[in-house]
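Participant: here is a sequence together with a model predicted from it:
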Amino acid sequence: MIEGPFQGGCLCGAIRYQVSGPALQTSYCHCEDCRKASGAPAVAWTFFKTGTLTWLRGSPKVVNFAGRERSFCGDCGTPLVFFDPSIPELFETNTCTLDNPASHAPSDHCWVADEIPWASKLAELPRYELSSPPPLP
Ligand SMILES: [Zn+2]
Ligand SMILES: [Zn+2]
């Protein structure tokens, strides 16, 4: 558990938020819904108590899919907040939209039943400080 407050926002800056904290847990989710909603192989989500979030600038669009609410920036598309009404005490922010995501290391992988097969092999790949060499013809 990490005491707050924390601030975050989307890529384009239209949406800014604050969570009074504390941050309860961060999980690395491999579910197909998170993959589709983010366009990424997995998403780190940080859990907070419901009622601790304030939108500081702008207001997100909300899509209700499979009974769960996903908030995102309507201008740049950044996924921001996840809320599952069957667990009303908690919500999750997309960890990498927090201003300091490095301090919210995931403590588990969840929904590995949906995991894309190569996701567990990413740590073995070559690493480049900046761009990888482009695959030019
Ligand atoms: Zn945005
Ligand atoms: Zn998920």
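Facilitator: Thanks, I have it. Ligands and ions are numbered 1, 2, ... in the order given.
Participant: which residues touch the helix or strand containing Leu80?
Facilitator: If you go by DSSP states H and E, Leu80 is part of strand 79-83. Outside strand 79-83, the residues that touch it by Cβ atoms under 8 Å, 6 or more residues apart in numbering are 8, 10, 15, 17, 34, 37-38, 43, 45, 50, 53, 60, 68-73, 91-94, 97. Backbone N, C-alpha and C define where each C-beta goes, glycine included.
Participant: if we go to 7 Å?
Facilitator: Outside strand 79-83, the residues that touch it by Cβ atoms under 7 Å, 6 or more residues apart in numbering are 10, 15, 37-38, 45, 60, 68-73, 91-94, 97.
Participant: show me where this structure has strands.
Facilitator: Using DSSP state E, the strands found in the chain span residues 6-9, 16-19, 25-29, 43-49, 53-57, 61-65, 68-72, 79-83, 90-94, 108-110.
Participant: can you redo those as a markdown table with distance to ligand 2 and mean pLDDT?
Facilitator: Below are these laid out as a markdown table (distance: least, Cβ to the ion, whole Å; pLDDT from 0 to 100):
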| stretch | distance to ligand 2 | mean pLDDT |
| --- | --- | --- |
| strand 6-9 | 18 | 98 |
| strand 16-19 | 19 | 98 |
| strand 25-29 | 3 | 98 |
| strand 43-49 | 6 | 98 |
| strand 53-57 | 19 | 98 |
| strand 61-65 | 11 | 97 |
| strand 68-72 | 9 | 98 |
| strand 79-83 | 7 | 98 |
| strand 90-94 | 9 | 98 |
| strand 108-110 | 7 | 98 |
